[in-house]
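Asks: Task: produce atomic coordinates for the following.
(2 chains)
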Amino acid sequence: MAQKIVWDRYIRLFHWGLVATIAGAAVTGFLMGAEALLIHIVTGTLAVILVTSRIVWGFLGGTYARFSSFTPRPRDVLAHLRGGGVRHLGHNPLGALMVLALLATILGIGLSGLAVLGGTLKTGPLSGLSFELGRTLREGHELLATGLLVLIGLHLGGVIFESLRSRENLARAMVTGRKPSRSGDHPDAPRKAHPRAALALGAALVLGLGGLAIAATNRPVPGAPVAEWDALTQDECSACHMTYHPSLLPRTNWRALMAGLDDHFGEDASLPADATGQITDWLEAHAAETADTLPAHRLGLGVDESTLRLTETRFWKRTHRDIPDATFTRKPVLSRANCRACHADAETGWFSPFQISIPKETLQ
Amino acid sequence: MKPLILCLAALAATPALAGDTTPEALIATYSAEAGQPADPARGEALFLAETGGGKPDTPSCTTCHTADPTRAGQARTGKAIEPLAPRANPARFTDTAHVEKWFGRNCNSVLGRDCTAAEKSDIITWLTGL
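Replies: Next up, the predicted model:
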């Protein structure tokens, strides 16, 4: 039996590269939290770049790589399902549908992920999207990702089933690239590969889209929390604690907080009436209602009217549940209210997941 | 009494930490208002005491300033407080409005009432001698 190179070097590299990047994105996305978000974004982006290059190769690659050679007609699929299909050296009709479904799903996950990153974290090329849209698309992102796991399961099942049916090790063929050519195999019209053109087009696509993404990333973000602090507010509030950004509480809560300065979380923090008035006005002008950030929505607008302590909100408790009590009470954090001990950007109101670093306990 | 009020009124218009006074001048002003000389021992006793008249989270000055005012203290929020003793922190007791604001707040938090002029002069005298 003549051995034939069915899966070229690029296809094999693509396949196993996709296995690695999707595994990384799935583990970080399904099982881990903010600490793994950067790895999630990097592996997910690499997977999308791989899929983009595969699409280029689907038009410029050799016989078995081309979409035109394996995209099945409905009757081919039906014939294959009835069990009457001949052996395919390349993708059989069902396998081909799976390839197309996997590629489309991964692109959909990548796009929706970019939208989630843009809307909820105001990061990346889609940072102009609203928080609400980002939250909604997050459901789609998760749904598609769960769907991808199902597809991968079916793909593995298909590989095992077809390996048994055609008495060959299809998984090994994806490593060596070789399959024995048999009489009666489905005939495929030979197509010439154009690796240079594919490389040029792939590089142009990745660089072009990447450049667009970077340009879009560097636009100003709508709904950003106020960056310029009122000097009096900053001075007075920072006298005893870090400056809590006005976007962390809604207007009514700031008003209530400023009306009770004589018993401010257990201490007298009273101020002259004119200073209280100026600070209250500034806090209300930049309260949670004015920002479209995740903390403004989940902390600020998520609290009920009587809550003044952010650490008593359900969102705060849920996002900090894995952190041991001692971390909060020991040096250098000392208090749950000391957000900036771990969130380097706490005083900006952003609370980016990329700015978290829990300090090691110190003795002095 | 009148010169003090005039003095405070003039100072209220100056920015914070303007350096408009000295610990000695404040002791003199508060002692004069109290009509009795300052006593550092009374100041120390008040500073270290747990009077129980104030808010439950702040039973004593030492809750935040610690029993050694030549070293930095710690607010309940985790924020450091510069030492109170002027020898360790020369900026202390050099701004009348600042001193009045924090006596006002902290006496209420710890004692549940304003400090008297005598108590203020006692405490500043004790801190200045450290």
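Asks: what's the helix or strand for the residue nearest to B:Q36 when sequence neighbours are not counted?
Replies: Nearest residue to B:Q36, sequence neighbours excluded (C-beta to C-beta, 6 or more residues apart in numbering or on different chains): B:A118, at 5.9 Å. Yep, even glycine has a C-beta here, placed from its N, CA and C like the rest. Using DSSP states H and E, B:A118 sits in helix B:117-128.
Asks: Could you list every helix and strand that that helix packs against?
Replies: helix B:23-34, helix B:40-48, helix B:96-111 (3 or more C-beta pairs under 8 Å, 6 or more residues apart in numbering or on different chains; DSSP states H and E).
Asks: For those, give me a markdown table that also has mean pLDDT.
Replies: Shown next, in a markdown table, are the helices and strands packed on helix B:117-128 (pLDDT from 0 to 100):
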| stretch | mean pLDDT |
| --- | --- |
| helix B:23-34 | 95 |
| helix B:40-48 | 95 |
| helix B:96-111 | 94 |
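Asks: Figure out which of those is closest to chain A.
Replies: Among the helices and strands packed on helix B:117-128, helix B:96-111 comes nearest to chain A, with 4.1 Å by C-beta to the nearest C-beta.
Asks: quick one, the closest one and helix B:40-48 angle?
Replies: Counting by axes from the mean of the first three to the mean of the last three C-alpha atoms, to 10 degrees, helix B:96-111 points 60 degrees away from the direction of helix B:40-48.
Asks: If you count contacts, what does helix B:96-111 end up packed against?
Replies: Counting contacts by 3+ C-beta pairs under 8 Å, 6+ apart, helix B:96-111 packs against helix B:2-12, helix B:117-128.
Asks: Alpha carbons of that helix, as PDB, please.
Replies: These are the backbone C-alpha positions of helix B:96-111, laid out as PDB (Å, rounded to 0.1, in the frame of the first residue of the first chain):
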ATOM      1  CA  THR B  96      -4.200  75.900  64.100                       C
ATOM      2  CA  ALA B  97      -7.000  74.800  61.800                       C
ATOM      3  CA  HIS B  98      -5.600  71.300  61.400                       C
ATOM      4  CA  VAL B  99      -5.100  70.900  65.200                       C
ATOM      5  CA  GLU B 100      -8.600  72.100  65.900                       C
ATOM      6  CA  LYS B 101     -10.100  69.900  63.200                       C
ATOM      7  CA  TRP B 102      -8.500  66.700  64.500                       C
ATOM      8  CA  PHE B 103      -9.000  67.500  68.200                       C
ATOM      9  CA  GLY B 104     -12.600  68.000  67.300                       C
ATOM     10  CA  ARG B 105     -13.000  64.800  65.400                       C
ATOM     11  CA  ASN B 106     -10.900  62.500  67.600                       C
ATOM     12  CA  CYS B 107     -12.000  63.800  71.000                       C
ATOM     13  CA  ASN B 108     -15.600  63.000  69.900                       C
ATOM     14  CA  SER B 109     -14.600  59.600  68.600                       C
ATOM     15  CA  VAL B 110     -12.700  58.600  71.700                       C
ATOM     16  CA  LEU B 111     -14.400  60.500  74.500                       C
END
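Asks: quick one: low-confidence ranges for chain B?
Replies: By pLDDT under 70, the low-scoring segments of chain B are B:1-18.
Asks: A:A269 - how many residues pack around it?
Replies: 20 (other C-beta atoms under 10 Å in any protein chain shown).
Asks: Assign a three-state SS to it, would you?
Replies: coil (DSSP: H, G, I helix; E, B strand; the rest coil).
Asks: what's near enough to touch it?
Replies: A:240, A:261-262, B:105 (C-beta atoms under 8 Å, 6 or more residues apart in numbering or on different chains).
Asks: cool, and A:H245?
Replies: By C-beta under 8 Å, 6+ apart, A:H245 lies in contact with A:225-226, A:295, A:346-349.
Asks: in chain B, which residue is closest to the centre?
Replies: Most central in chain B under C-alpha atoms, centre = their mean is B:F103, positioned 5.2 Å from the mean C-alpha point.
Asks: What does A:H320 show for phi and psi?
Replies: Main-chain dihedrals, A:H320, degrees, to the nearest 10: phi -110, psi 10.
Asks: How much space separates it from chain B?
Replies: Separation of A:H320 from chain B (C-beta to the nearest C-beta, to the nearest Å): 15 Å.
Asks: any idea of the pLDDT on that residue?
Replies: As predicted, A:H320 sits at a pLDDT of 94.
Asks: Confirm A:K4 sits in a helix?
Replies: No. Read with three-state DSSP, A:K4 is strand and lies in no helix.
Asks: measure the closest residue to it other than its chain neighbours to chain B for me?
Replies: Of all residues not flanking A:K4 in the chain, A:S181 sits nearest, at 4.6 Å (C-beta to C-beta, 6+ apart). Separation of A:S181 from chain B (C-beta to the nearest C-beta): 72 Å.
Asks: ok, the spatially closest residue to A:A20 that is not a sequence neighbour - contacts?
Replies: Spatial nearest neighbour of A:A20, excluding adjacent residues (C-beta to C-beta, 6+ apart): A:T43 at 8.0 Å. By C-beta under 8 Å, 6+ apart, the contact list for A:T43 reads A:20-22, A:24-25, A:28.
Asks: Give me the longest helix you can find in chain A.
Replies: Identified as the longest helix of chain A according to DSSP state H is helix A:131-165.
Asks: pLDDT at A:E35, what is it?
Replies: Looking at A:E35, the pLDDT reads 89.
Asks: and what of A:H88?
Replies: Per the predicted model, pLDDT is 90 at A:H88.
Asks: Cross-check the contact I'm expecting between it and A:H186.
Replies: Yes. The pair A:H88 / A:H186 is scored as a contact, 4.6 Å apart, by C-beta atoms under 8 Å.
Asks: Among those two, which residue is more densely surrounded?
Replies: Between A:H88 and A:H186, A:H88 has the larger neighbour count (other C-beta under 10 Å), namely 25 against 14.
Asks: and the stretch 151-300 of chain A, which of its residues are near chain B?
Replies: Contacts of the stretch 151-300 of chain A with chain B, taken as C-beta under 8 Å from any C-beta of the partner chain, map to A:235, A:240-242, A:262-263, A:266-270.
Asks: Of those residues - the most surrounded one?
Replies: The most crowded member of those is A:E267, carrying 24 neighbours; neighbours defined as other C-beta under 10 Å.
Asks: On the strand side of things, show who it bridges to.
Replies: Beta-bridge partners for A:E267, by DSSP bridges, are A:H264.
Asks: Against A:T319, how distant is the residue of the stretch 101-250 of chain A found nearest chain B?
Replies: Nearest to chain B in the stretch 101-250 of chain A, going by C-beta to the nearest C-beta, is A:H241, at a distance of 3.8 Å. Going from A:H241 to A:T319 by C-beta to C-beta, to the nearest Å gives 20 Å.
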